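Q: show me how the following folds:
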Amino acid sequence: MSEENISRLQIDGKEIILIGTAHVSKHSAEQVKEVITSENPDSVCIELDEGRYKSITEGNKWKETDIFQVIKDKKASLLLMNLAISSFQKRMANQFGINPGQEMIQGIESAEEVGASLVLADRNIQTTFSRIWSSIGLKGKLMLLTQVIFSIFTRESITEEELEKMKSQDMIDSMLDEFTETFPKLKTPLIDERDQYLAQKIKEAPGEKVVAVLGAAHVPGIKKQIYNDHNIEKLSQVPPKSKIPKIIGWTIPIFIIALIVFTFVTNKDAALAQVMSWILWNGSLAALGTLIAFGHPLAVLTAFVAAPITSLEPFLAAGWFAGFVQAYFKRPSVEDFEKLSDDVHSIKGFWNNRVTRVLLVVIFANIGSSLGTFIGGADVIRLFFENL
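A: Below is the predicted model:
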């Protein structure tokens with residue numbers, strides 16, 4: 001058996017065998033099977049969290065998932081990332097005939113064959129992205145969202161040079177490689193913390209012999225970190241949200257309401273005019289945005305009713321309600337998401353795909369509501385000064 005890409009460690013009487021795999025290499029999957037079969041370990045650790053494990057092992061079930069329920073369960077960010085990864089994988093499969101992640105699938109199958117315990121050793125992907133999200137600021141957030149969306153919709157070919165580079169990275173690392181160069185601090189939550197998490201999970205795996213299937217880029221860090229103790233609970237914590245956006249978000253609606261109330265005390269007709277202006281500008285422009293997106297008639301009505309209210313509540317958005325109604329009457333499935341990479345490249349596909357239609361409703365309703373807030377708010381201020 002070739003020892004290439006294999007590291008053997010002895011820790012507290014436990015033998016740990018690290019296999020540094022290439023996520024886009026057929027040879028890696030073959031090596032994983034060979035090592036697990038010949039070593040017959042007590043445990044097999046794989047570089048997956050529970051969510052990614054389920055997406056691999058329950059692929060057909062995932063396709064049938066109700067997308068509305070996914071959003072309701074606050075798993076939309078995970079779904080978006082899975083979509084980005086799926087699109088990325090599809091392009092590589094089409095271009096090179098490679099199925100990324102095959103070595104992880106092989107690790108799962110071989111562990112079952114030899115009766116070894118399977119350990120999902122990677123940190124939850126939502127935790128990783130929450131820790132990334134909290135450290136990049138507004139500019140970074142916009143750049144990250146742009147890059148993730150671009151990775152979904154792009155059809156650019158992957159060069160041979162990029163493919164060789166990906167052979168030493170995992171799928172998440174390779175997708176965010178360019179972004180990490182722009183924000184070097186992301187190496188901590190994306191690579192270093194995961195090395196610590198993986199090392200601790202591998203060290204705690206049951207049995208005296210453990211095989212770990214890992215992306216080659218993580219092996220050096222794990223070999224260093226595995227001799228230290230790491231707090232899994234602390235590494236899994238989601239950073240608390242800043243209170244500043246909340247303060248700013250409440251300041252504007254309180255200001256608008258205060259102007260209307262003050263005007264009401266001095267001139268009830270002027271205050272009524274302010275209220276009507278606020279409702280009509282917010283509601284009409286949000287409804288117009290939904291109409292432009294070819295939203296369902298009830299989604300248009302919902303946008304009109306919701307916008308004047310949600311504009312005064314910083315943690316709600318008219319587009320969410322309009323999108324909710326659109327999804328209810330034209331409910332998309334995850335299978336619709338998987339067709340996005342093909343559908344978005346034709347006008348017919350873009351407008352017919354139920355996911356893009358919901359996204360358009362959400363985006364255009366929110367744009368309309370934002371414009372309505374700006375114009376309606378300015379008119380409220382104008383009427384206030386006219387009646388001083």
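Q: hey, where'd the helices end up in the stretch 101-250 of the chain?
A: According to DSSP state H, counting those that start in this stretch, the stretch 101-250 of the chain carries its helices in the segments 102-114, 125-133, 137-153, 160-166, 171-175, 177-182, 187, 193-203, 219-225, 232-235, 244-266.
Q: and the last one, what's buried?
A: Buried residues in helix 244-266, counting neighbours by 16 or more other C-beta atoms under 10 Å, are found at Pro253, Ile256, Leu259, Ile260, Thr263. C-beta: built from backbone N, CA, C; applies to glycine.
Q: turn the residues you listed into a markdown table, columns for distance to Glu338 and pLDDT.
A: Conversion of the buried residues of helix 244-266 to a markdown table gives the following (distance: C-beta to C-beta, whole Å; pLDDT from 0 to 100):
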| residue | distance to Glu338 | pLDDT |
| --- | --- | --- |
| Pro253 | 39 | 86 |
| Ile256 | 43 | 89 |
| Leu259 | 49 | 91 |
| Ile260 | 48 | 90 |
| Thr263 | 53 | 89 |
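Q: out of the residues you listed, the closest to Met276 would be?
A: Looking at the buried residues of helix 244-266 and their distance to Met276, the nearest is Ile260, at 10.8 Å (C-beta to C-beta).
Q: got the domain ranges for this structure?
A: Using automatic domain parsing, the domain ranges for the chain come out as 6-235, 244-386.
Q: tell me how far the ends of the last one are from each other?
A: Think domain 244-386. Between the opening and closing residues of domain 244-386 there is a gap of 33 Å (C-alpha to C-alpha, to the nearest Å).
Q: with the first one instead?
A: With C-alpha to C-alpha applied, domain 6-235 spans 27 Å between its terminal residues.
Q: which element, helix or strand, includes Gln10?
A: Using DSSP states H and E, the element containing Gln10 is strand 6-11.
Q: now the element after that strand, going C-ward?
A: Reading on from strand 6-11 to the C-terminus, the next helix or strand found by DSSP H and E is strand 14-21.
Q: please look at Ala29 and Gln106 and confirm they touch.
A: Yes - under the contact definition of C-beta atoms under 8 Å, Ala29 touches Gln106, with a separation of 4.4 Å.
Q: can you give me how far the host helix or strand of Thr356 is from the chain middle?
A: Assigned by DSSP H and E, Thr356 belongs to helix 354-386. Shown here is helix 354-386, whose average C-alpha point lies 26 Å from the average C-alpha point of the whole chain (C-alpha atoms, centre = their mean, to the nearest Å).
Q: packing partners of it?
A: Contacting helix 354-386 under the criterion 3 or more C-beta pairs under 8 Å, 6 or more residues apart in numbering; DSSP states H and E are the following elements: helix 244-266, helix 268-292, helix 297-310, helix 318-329, helix 334-338, helix 340-343.
Q: can you name every helix or strand that the fourth one contacts?
A: Helices and strands touching helix 318-329, by 3+ C-beta pairs under 8 Å, 6+ apart, are helix 67-72, helix 268-292, helix 297-310, helix 354-386.
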